[in-house]
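Trainee: need a structure here:
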Amino acid sequence: MLMPSLFGENLLDDFFDVPVFSRRNKFENTTGNIMHTDVKETENSYEVAMNLPGVKKENVQAELKDGYLTVKASANTSNDTKDENGQYIRKERYTGSCSRSFYVGEQITQEDIKAKFEDGVLKINIPKKEPVPEVEEKKYIAIEG
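Mentor: Numbering: from 1, shown residues only. Next comes the predicted model:
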């Protein structure tokens, strides 16, 4: 059966794309596979590559707190379609945000982590650090005599 379409899009796509009918996240639909992450272990570090398609660098934040590295991203999209007279045929906007957290250890500092954002991919390098065991300090009492 042929489905009605407008400008090559199925008119029922928007209806069935409502969260009640779909398990997909609207943020994921508009920006693709957002925040899919690869973690690669090397000899001295962990290399994290996080997909952030459609997100601008200024809308990405990375924060280190209590041993957790949290990456937050937000996106604003607008799909305006006008006819030849400049009148709107369709107008859609979406604003959303998401975040992911990774435990990197309490011994890692903000200065240790290096991050770079290019071509919609956030690359983070986290060095490996062994936890420093607390050394028990022996305290002696001076004995006179």
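
Trainee: make it CA atoms for all contacts and neighbour counts henceforth
Mentor: Noted.

Trainee: quick check: closest non-adjacent residue to the residue nearest the centre of the chain.
Mentor: Most central in the chain under Cα atoms, centre = their mean is residue 35, positioned 4.2 Å from the mean C-alpha point. The shortest distance from residue 35 to any non-neighbouring residue, by Cα to Cα, 6 or more residues apart in numbering, is to residue 51 (5.0 Å).

Trainee: and residue 117, that one's in a helix?
Mentor: No. Judged by DSSP: H, G, I helix; E, B strand; the rest coil, residue 117 forms no part of a helix; its state is strand.

Trainee: strands of this structure, residue ranges please.
Mentor: Under the criterion DSSP state E, the chain carries strands at the ranges 5-6, 9-10, 37-41, 45-51, 60-65, 68-82, 88-103, 114-118, 121-127.

Trainee: comparing the ones you listed by mean pLDDT, which bottoms out?
Mentor: Mean pLDDT per stretch puts strand 5-6 lowest among these, at a mean of 44.

Trainee: re earlier: for residue 68, see how far away the residue nearest to the centre of the chain is.
Mentor: 17 Å (Cα to Cα, to the nearest Å).

Trainee: which ones are touching the nearest residue to residue 39 once chain neighbours are set aside?
Mentor: Sequence neighbours aside, residue 48 is the residue nearest to residue 39 in space, at 4.5 Å (criterion: Cα to Cα, 6+ apart). Neighbouring residues of residue 48 by Cα atoms under 8 Å, 6 or more residues apart in numbering: 37-40, 122-126.
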